[in-house]
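Novice: Here is my input; please provide its structure:
(one chain, ligands or ions: 1)
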Amino acid sequence: MVTNVLEVNPERLWDSLEKSAAIGRFRDVGLRRLALSAEDKQMRDLFVDWAQAAGCKVEIDRLGNIFARRAGSDPSLPPVAIGSHLDTQICGGRYDGILGVLCGLEVVRTLNDRGLLTKRGIEVICWTNEEGARFSPPMMGSMAFAKVLSLESVLATTDDAGITVEQALDEIGYAGPAPLGQRVFDAYLELHIEQAPVLDREGCDIGIVVGGYKTQALRLTINGDTGHAGGTPMAMRRNALVGAGYVIAAVNDIGLAYATDEGRTTTTRIESFPNLPGTYAEQVKLTIDFRHIDAARFQAMRTDIDAAIAAAAKKANVEIEVAEDRRGTRPALSRDAQPSRPRRLCRGDDGADGDDLHALLRGYQPQRG
Ligand SMILES: [Zn+2]
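Specialist: Residues are numbered from 1 along each chain as shown. Got it, this is the predicted structure:
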C-alpha cells in the first residue's frame, strides 16, 4: 500500500477556516465580507500574519492582490501558484474561495512540518474582489493582473455609495507597492467549493473544472409613465414595473427551456422609480444574466431573450432599451482534462472564481523553466 506522506493537517486547516468564519459572520452560518471592507481588512491581516509566521515573503500589488511566497531551492524557476479569494458575497458561504487560499497556506505549513524544500517556490495568492458584490465587475484583481482590465478603470470603479476602489484600498491600507501583473507562474491551482449542490447530492467528493460558460449581461431600461395607483384607469397605464415583471418571468422560462443542455438565465438586479406606495412605476432598470456552454445555443438564447423583451414591451405598453454590458461578457473556456482520480467533470464560472484561471490563461502563457 502506498502512503501519501504529504497529506496535509486537516485539523489545522479546519481551525483556520473556522477562524476565518468568525470574521464578518452573517446569519449564523454564513459570511458577509465584502471586498475592501473593514472585515476584509481583518481577514487579510490575519492571512498575512499566518503567511509570515509560515516563513513566506508577502508582497501586495497596487490592487491589493496578496502574494505569499515560500522560496524554492532554485529561485530562477517560476513558482507554482495556489490561490483564490477571501472576500464573500453579501449572503456568502464560509468556505467558497476562502478554502482556495487557506489550502495553499496549509500546503506551505505541511511542507514546513516535514522540513521539505521544493525546487520551485510556492506562491499563495489572495485576489482582490473576486465576488463583485461591492464593486462590479467580479474578478477585478485577477483580470487587471492578466491585463483584461486596466488598472485605471479598476481604481476608478465605485460602489453603490460612490466610494472608489482606490479610496477603499487606501482606507484599509492595501494599496501595495508591488507592480501589477509582472509575475510569472509555472502552474496555477485553485481549489474551490462547488457553487451548487450537485456534487453533494451525487455523493462525489471532487469535481474538476473542464470548461466555462459563455456569459452576457444585459442592462435594460424600461420606460413608462407614473401615476396614481387608484385614480388612473388600468387601460391607460404604462407601468414600467409590469413590463419588468413580464421580462423576468419570460427570461426565467428561457433558462428552463435551455436547462437540459446547460443554459442558464436569471435577472440579477432591479431598481424601480419612484418606488413608492400609491403609485405605479415610471422607470425600471433591470439586469439580465444569461449563459451557455455552446456558442450557437448561446446565440439562440439571445434571440429568444430579444423576442421576449419585445413582447413584454408591447404587452405592458412601455419602451425597453437594451444595453450590452461589455464588462459582463466572457467567452466560454474549454480545456482538456485527464484526471486520474474519481471525479465529476464540472463547469466553472458560476459567476466567479473559475474565472481566475480564465483570466490568467487569457493574459499570459505559463513559462516552463
Ligand atoms: Zn468564490
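
Novice: Which one of the residues in the stretch 151-300 of the chain is closest to the ion?
Specialist: Nearest residue of the stretch 151-300 of the chain to the ion: H192, at 5.9 Å (CB to the ion). All C-beta atoms are positioned from the backbone trio N, CA, C, and that covers glycine.

Novice: Please tell me I have it right and that residue contacts I98.
Specialist: No. If you go by CB atoms under 8 Å, H192 and I98 don't touch, sitting 9.5 Å apart.

Novice: can you give me the strands in the stretch 151-300 of the chain?
Specialist: For the stretch 151-300 of the chain, applying DSSP state E, counting those that start in this stretch gives strands covering 187-189, 207-211, 214-223, 227-228, 264-273, 279-280, 283-292.

Novice: Can you tell me which of those strands is most buried?
Specialist: Stretch with highest mean neighbour count among the strands of the stretch 151-300 of the chain: strand 283-292 (a mean of 22; mean count of other CB atoms under 10 Å).

Novice: and that strand with strand 264-273, angle?
Specialist: Orientation check (axes from the mean of the first three to the mean of the last three CA atoms, to 10 degrees): strand 283-292 against strand 264-273 gives 170 degrees.

Novice: Could you list every helix and strand in contact with strand 283-292?
Specialist: In terms of contacts (3 or more CB pairs under 8 Å, 6 or more residues apart in numbering; DSSP states H and E), strand 283-292 is packed against strand 214-223, helix 240-257, strand 264-273, helix 295-316.

Novice: weakest of the strands of the stretch 151-300 of the chain in terms of mean pLDDT?
Specialist: Per-stretch mean pLDDT for the strands of the stretch 151-300 of the chain is lowest at strand 207-211 (a mean of 80).

Novice: what about that one and the ion, any contact?
Specialist: No. For strand 207-211, no contact with the ion is found by CB under 5 Å from the ion; the gap never falls below 12.3 Å.

Novice: low pLDDT regions in the stretch 201-350 of the chain?
Specialist: For the stretch 201-350 of the chain, the stretches flagged by pLDDT under 70 are 326-350.

Novice: and with 50 instead?
Specialist: Screening the stretch 201-350 of the chain residue by residue with the criterion pLDDT under 50, one finds the ranges 335-342, 349-350.

Novice: Could you check how far stretch 302-310 is from the centre of its chain?
Specialist: What separates the centre of stretch 302-310 from the centre of its chain is 27 Å, taken as CA atoms, centre = their mean, to the nearest Å.

Novice: buried set for that stretch?
Specialist: Within stretch 302-310, the residues scored as buried using 16 or more other CB atoms under 10 Å are R302, D304, I305, A308, I309.

Novice: same thing with stretch 101-115?
Specialist: Across stretch 101-115, burial judged by 16+ other CB under 10 Å covers V101, L102, C103, G104, L105, E106, V107, V108, R109, T110, L111.

Novice: coming back round to it: what would the helices and strands packed on strand 283-292 look like in JSON lines with distance to W50?
Specialist: Converted to JSON lines, these look like this (distance: least, CB to CB, whole Å):
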{"stretch": "strand 214-223", "distance to W50": "34"}
{"stretch": "helix 240-257", "distance to W50": "41"}
{"stretch": "strand 264-273", "distance to W50": "34"}
{"stretch": "helix 295-316", "distance to W50": "42"}
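
Novice: element containing the single nearest residue of the stretch 51-200 of the chain relative to the ion, please.
Specialist: Nearest residue of the stretch 51-200 of the chain to the ion (CB to the ion) works out as G97 at 3.4 Å. Using DSSP states H and E, the element containing G97 is helix 96-114.

Novice: List the neighbouring strands of the following helix or strand past that helix plus their orientation.
Specialist: Going down the chain from helix 96-114, the next helix or strand is strand 122-126, by DSSP H and E. Using DSSP bridges, the strands paired with strand 122-126 are strand 66-70 (antiparallel), strand 80-84 (parallel).

Novice: Any chance you could list what contacts the first one?
Specialist: When contacts are taken as CB atoms under 8 Å, 6 or more residues apart in numbering, the neighbours of strand 66-70 outside the stretch itself are 44, 47-48, 51-52, 54-61, 79, 104-105, 108, 111, 118, 121-126, 174, 176, 178, 183.

Novice: returning to what we had before: what's the offset of the helix holding G97 from the middle of its chain?
Specialist: Worked out by CA atoms, centre = their mean, helix 96-114 lies 21 Å from the chain centre.
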